[in-house]
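K.L.:
I'll drop the sequence and a predicted model, then ask my questions.
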Amino acid sequence: MKFSLTPLSKFKSSLPILLSITILIPIPLLLWLGYLWQIAPGMPFLDLLSVEKKTFVVLGDPQQTSWWETTFLQRSNNRKVTTRLFQFIAAEQPDFVALLGDLVFYGANHSNWTDFDLFAQPLQKRGIPTLTVLGNHDYFGPDSIALANVYSRFPQLSQQHWYLRIYGSLALIFLDSNQSAMPPSHWQKQIHWLKNTLTSLEQNPRIQAILFLAHHSPYTNDLYSPDAQHLRPWLNLFFSSPKSILFLSGHCHGYEHFVKQKKHFVVSAGGGGPRKKHLQGPNQRHPDLYTGPYPRPFHYLRLQLQKSHLHIQAMGLFSNSLRCFDEFSIPLPTTPQ
């Protein structure tokens, strides 16, 4: 078999064309990324909790479905759902709102944050204090852009991604569960802070109960998202803390309620992200106390602080109307002093 070599002169003649293609092809891509990766300045939410109605709201995962999800995976776009949920929340005028992360699909995307601002506008107009934890989608894109978008709306996170807020006799611990998005030293720093904070709260006679809030779910029956094993150090502290009664998380789009060692775990990720499939019946990893059908309703949680217990209602959106589809109470372990 004979091989013929292409004359070098032919390569030389086509070299300018090849160089032009190599240079020009990335330009549209860079322009597109430049359009997507922009800081979208936003108005900071109030961060001042006061006990007036003794009611607050928790909403998880109001992220919108991305173009490729709707185009290639046939997932639904739930803009109207998210809009209505924020409107219903604002109409209740709770003492504050806690968000469980994934505020947007792509953290560095300018238009995603413009959409979020539009959804959350009713809260801003009524001056309702709003706090959040970081979700994995909030980190998407260059950190310098994605986190700048978060910090302009939630300035407290610019100091540290985990923090404590006191609401009457409740202590709320907001945590960053995105271990892969931070250096190992920061992850260990957060665990150390959590341990010290719990020790202090356990010794504080004015604190009746402690709530954990994070994005990733330590327990879930989500078909594609397993239990967040990297949260084990947190769980050890949570279970060993007598005052800790409720772990709130998002990430797994839907609603789930588990009890482990007499402590409650609620997955509340019904703010508008595309709903996921869950293991059911004997295939469940964990027995779910809520036995309603799938997919679970788009929803938010209404939490009411009573003298002896914390009452939780899951408020679902059904054909543009709101109704409670699950509720339960958790006794407060100590008497306030």
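P.N.:
Here it is on my side, so go on. Numbering: from 1, shown residues only.
K.L.:
Name the residue closest to the centre of this protein, please.
P.N.:
The residue lying closest to the centre of the chain (Cα atoms, centre = their mean) is residue 101, at 1.8 Å.
K.L.:
quick one: which helix or strand includes it?
P.N.:
Under DSSP states H and E, no helix or strand contains residue 101.
K.L.:
Am I right that it is in contact with residue 132?
P.N.:
Yes - assessed by Cβ atoms under 8 Å, residue 101 is found in contact with residue 132 at 6.6 Å. (Glycine included, C-beta is placed from N, CA and C.)
K.L.:
rewinding a little: which residue, other than its chain neighbours, is closest to the residue nearest to the centre of the chain?
P.N.:
Leaving aside its sequence neighbours, residue 101 sits nearest to residue 135 (Cβ to Cβ, 6 or more residues apart in numbering; 2.7 Å).
K.L.:
Look at that neighbour and tell me its secondary structure.
P.N.:
coil (DSSP: H, G, I helix; E, B strand; the rest coil).
K.L.:
Show the contacting residues for it.
P.N.:
61, 63, 100-103, 178, 215, 250-251 (Cβ atoms under 8 Å, 6 or more residues apart in numbering).
K.L.:
let's see it at 7 Å
P.N.:
Shown in contact with residue 135 (Cβ atoms under 7 Å, 6 or more residues apart in numbering): 61, 101-103, 215, 250-251.
K.L.:
hey, where'd the strands end up in the stretch 51-200 of the chain?
P.N.:
Along the stretch 51-200 of the chain, counting by DSSP state E, counting those that start in this stretch, strands occupy 55-59, 97-99, 130-132, 163-167, 170-174.
K.L.:
Including distance to residue 304, could those go into TSV?
P.N.:
Output for the strands of the stretch 51-200 of the chain, formatted as TSV (distance: least, Cβ to Cβ, whole Å):
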stretch	distance to residue 304
strand 55-59	5
strand 97-99	14
strand 130-132	18
strand 163-167	12
strand 170-174	11
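K.L.:
Looking at these, spot the one closest to residue 255.
P.N.:
strand 55-59 (11.5 Å; Cβ to Cβ).
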